[in-house]
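[1] Sequence first, then the predicted structure:
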Amino acid sequence: MNVRDSEIILGMLKEKGYAPVSKPDQAELVLFNTCSVRQHAEERVWGQAGMIKKRGARPVIGIVGCMAQNYQEQIFRRLPQVDFVCGPANIYDIPLLIEKALKEHSQLLAVNMEKRPLLCDNGYRISNLKAFVSIMYGCNNFCSYCIVPYVRGREVSRPLRHILAEVQDLAARGFKEITLLGQNVNSYGKDLPGPLNFVRLLENLDRIKGIERIRFVTSHPKDATPELFKAMRNLASVCEHLHLPLQAGSDKILHMMNRNYTLKDYLKLVDVLRRQVPDSAISTDIIVGFPGETEKDFKKTEQAMKDIQFDEAFVFKYSPRFKTKAAEFKDDVSNKKKLQRNHRLLELQGAISLKKNKHIIGSTEEVLAEGKGSYFQGAKKKQAVLGRSRSNKVTLFPGKMDLISKLVRVRIKRTTAHTLIGEVDDKKN
Ligand code: SF4
């Protein structure tokens with residue numbers, strides 16, 4: 001979501017004549033588009049923004065995004081050199097804020113959450129092949145550890161016609177893949193009049209010629225439905241990959257997290273998905289060291305990962321986020337234990353990913369070639385084309401760079417835990 005917001009900001013700045021420089025000390029303007037989901041991300045912003053030195057009135061410095069919404073005026077107290085603070089709902093005000101900061105030399109605050117951008121934007125994209133498309137903003141779920149509802153507000157769906165217009169435009173410009181973005185895409189349309197829902201949106205988008213692949217993040221397990229899985233099976237452009245955050249394998253912890261499902265509910269969902277879409281890949285998010293997580297609770301998460309056999313897992317150490325419910329709980333798992341648990345799960349997932357990828361050896365995968373990469377054959381480094389399979393696995397294969405932007409059938413020859421390596425399947429291209 002932040003990548004998409006950064007693209008929109010870059011597009012507006014380009015229209016105003018700005019161009020990127022290679023070092024911050026050459027810049028006339030420095031913006032930090034920030035994330036508040038974890039403490040670590042925030043610490044990096046406090047540190048890096050603190051290091052930007054002013055030369056008189058330049059550069060203009062702006063703190064944008066979730067930290068801006070979260071800390072508001074506190075940022076000016078901690079970083080007096082900052083010129084403006086702009087929440088995620090106000091990013092379209094950035095050109096005006098820059099102009100004002102240059103004229104008035106006063107500190108400006110733009111944190112009005114009611115001002116969310118629902119319209120199609122200036123169309124600037126970093127890639128010319130794959131695009132993020134926001135379908136909704138905010139979240140109503142209030143998971144106890146999560147800052148998002150406080151900094152991005154309640155759920156607001158973009159009208160269908162706006163999304164269709166944006167994707168039709170992308171298709172006309174030659175984009176092949178879109179990723180639909182929302183904190184909880186499965187609640188798309190609940191706040192709009194009429195029978196529109198996420199599956200209807202997918203059906204509409206699947207009809208747009210030229211868009212070969214549709215992905216979406218993120219699905220909340222309490223809202224993912226068999227109807228969605230049927231859509232994944234039946235709609236040609238919808239990829240067979242589901243990101244479904246489990247967060248924990250202990251029902252006690254899931255309850256404290258306010259996730260509104262049990263491990264049993266989650267397992268049932270995975271079972272239904274795998275029966276509907278047998279070749280689907282599932283990735284997940286896990287938090288270790290949530291308040292009250294005992295060794296027994298942690299082992300339940302470990303066991304759940306062994307049972308489910310995810311294709312990929314993103315594992316995070318819990319850190320309290322102020323304003324959230326969980327910040328009132330005692331953060332009673334030591335950092336050392338959080339680290340150990342994090343390592344244990346990453347190691348476990350590495351072994352599972354490798355085992356799962358080995359099953360793919362010998363099969364032919366459709367890969368969207370995106371750019372250049374490299375891999376080692378013995379001690380030799382080989383240049384390769386890099387892309388992703390429909391199940392979202394990074395894939396490398398030797399080939400001419402004019403394959404980039406094409407869908408290529410690749411026969412998988414070997415694999416690591418995170419990368420498939422193959423060669424162009426001449427019979428199938
Ligand atoms: S569903 Fe996701 S964004 Fe919403 S509160 Fe829970 S973790 Fe945060």
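    Okay, I see it.
[2] what residues does this structure put near the ligand?
    Neighbours of the ligand within the chain, by C-beta under 6 Å from any ligand atom: 139, 141, 142, 143, 146, 148, 149, 183, 184, 220. Placement of C-beta: from N, CA and C, glycine included.
[3] where do the strands sit along the stretch 201-350 of the chain?
    213-217, 241-243, 281-288, 312-317 (DSSP state E, counting those that start in this stretch).
[4] what's around residue 162, how many residues?
    Residue 162 has 16 neighbours, counted by other C-beta atoms under 10 Å.
[5] before we move on, which element is it in?
    For residue 162, the enclosing helix or strand under DSSP states H and E is helix 160-172.
[6] sorry, back to before: will you turn the strands of the stretch 201-350 of the chain into a markdown table that also has mean pLDDT, distance to residue 375 and mean neighbour count?
    A markdown table is the format used below for these (pLDDT from 0 to 100; distance: least, C-beta to C-beta, whole Å; neighbours: other C-beta atoms under 10 Å):
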| stretch | mean pLDDT | distance to residue 375 | mean neighbour count |
| --- | --- | --- | --- |
| strand 213-217 | 98 | 23 | 22 |
| strand 241-243 | 98 | 22 | 23 |
| strand 281-288 | 98 | 21 | 22 |
| strand 312-317 | 98 | 19 | 18 |
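[7] nearest to residue 97, of those strands?
    Closest to residue 97 of these, according to C-beta to C-beta: strand 213-217, at 29.4 Å.
[8] Alpha carbons of that closest one, in CSV - could you do that?
    Presented in CSV, the C-alpha positions along strand 213-217 are these (Å, rounded to 0.1, in the frame of the first residue of the first chain):
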residue,chain,number,x,y,z
ARG,A,213,-3.0,-12.0,-14.0
ILE,A,214,-5.0,-10.7,-11.0
ARG,A,215,-3.6,-11.0,-7.5
PHE,A,216,-5.0,-9.6,-4.3
VAL,A,217,-3.8,-8.9,-0.8
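[9] name the helices or strands packed onto it?
    Secondary-structure packing of strand 213-217 (3 or more C-beta pairs under 8 Å, 6 or more residues apart in numbering; DSSP states H and E): strand 177-181, helix 198-206.
[10] Any chance of TSV for these, columns mean pLDDT and mean neighbour count?
    Formatted as TSV, the helices and strands packed on strand 213-217 follow (pLDDT from 0 to 100; neighbours: other C-beta atoms under 10 Å):
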stretch	mean pLDDT	mean neighbour count
strand 177-181	97	21
helix 198-206	98	20
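[11] right, so of those, which gets closest to residue 395?
    Going by C-beta to C-beta, the one of the helices and strands packed on strand 213-217 nearest residue 395 is strand 177-181, 14.1 Å.
[12] Does anything pack onto the closest one? Which helices or strands?
    Using 3+ C-beta pairs under 8 Å, 6+ apart, the elements in contact with strand 177-181 are strand 130-134, helix 198-206, strand 213-217.
[13] Columns distance to residue 275 on top of the ones you listed, output as TSV?
    Shown next, in TSV, are the helices and strands packed on strand 177-181 (distance: least, C-beta to C-beta, whole Å):
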stretch	distance to residue 275
strand 130-134	29
helix 198-206	18
strand 213-217	20
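[14] Please name the nearest non-neighbouring residue to the residue in the stretch 201-350 of the chain positioned nearest to the ligand.
    The ligand sits closest to residue 220 of the stretch 201-350 of the chain, with a gap of 5.0 Å, by C-beta to the nearest ligand atom. Using C-beta to C-beta, 6 or more residues apart in numbering and skipping the chain neighbours, the partner closest in space to residue 220 is residue 184 (4.5 Å).
[15] isn't the one you found right next to residue 155, touching?
    Yes: Residue 184 lies in contact with residue 155 (C-beta atoms under 8 Å); the separation is 7.2 Å.
[16] shared neighbours of those two, anything?
    Jointly contacting residue 184 and residue 155 under the rule C-beta atoms under 8 Å, 6 or more residues apart in numbering are 136, 139, 140.
[17] Take those and keep only those in strands.
    For the shared contacts of residue 184 and residue 155, the ones inside strands are residue 136, with DSSP state E as the criterion.
[18] Compare the shared contacts of residue 184 and residue 155 and tell me which is most surrounded.
    Of the shared contacts of residue 184 and residue 155, with other C-beta under 10 Å as the count, residue 136 tops at 26 neighbours.
[19] any idea how far that residue is from residue 24?
    33 Å (C-beta to C-beta, to the nearest Å).
[20] re earlier: per-residue confidence for the residue nearest to residue 220?
    Here, the pLDDT recorded for residue 184 equals 94.
[21] Residue 116 now?
    For residue 116, pLDDT reads 66.
[22] do the same with residue 56
    Looking at residue 56, its pLDDT is 81.
[23] Ok, residue 100 next?
    95.
[24] try the one 5 residues further on
    Note on residue 105: pLDDT of 82.
[25] likewise residue 194?
    Predicted confidence (pLDDT) for residue 194: 88.
[26] Which secondary structure element is home to it?
    Here residue 194 is covered by no helix or strand, with elements defined by DSSP H and E.
[27] gap between it and residue 133?
    Residue 194 is 21 Å from residue 133, by C-beta to C-beta.
[28] ok, these two, which is more surrounded?
    The residue with more neighbours, out of residue 194 and residue 133, is residue 133; 22 against 8, by other C-beta under 10 Å.
[29] which residues touch the closest residue to the more buried one other than its chain neighbours?
    In space, and not counting its chain neighbours, residue 133 is closest to residue 178: 5.1 Å by C-beta to C-beta, 6+ apart. Residues in contact with residue 178, defined by C-beta under 8 Å, 6+ apart, are 130, 131, 132, 133, 167, 170, 205, 211, 213, 214, 215.
[30] just the shared contacts of residue 184 and residue 155 now: which is nearest the ligand?
    Among the shared contacts of residue 184 and residue 155, and counting by C-beta to the nearest ligand atom, the member closest to the ligand is residue 139, at 3.3 Å.
[31] so the closest one makes contact with residue 151?
    No: shown here, residue 139 and residue 151 do not form a contact pair, counting by C-beta under 8 Å, at 10.0 Å.
[32] Can you list the residue ranges for strands in the stretch 51-200 of the chain?
    60-65, 84-86, 108-110, 130-134, 136-137, 156-157, 177-181.
[33] got the domain boundaries for this structure?
    According to automatic domain parsing, the chain comprises the domains 2-110, 364-424.
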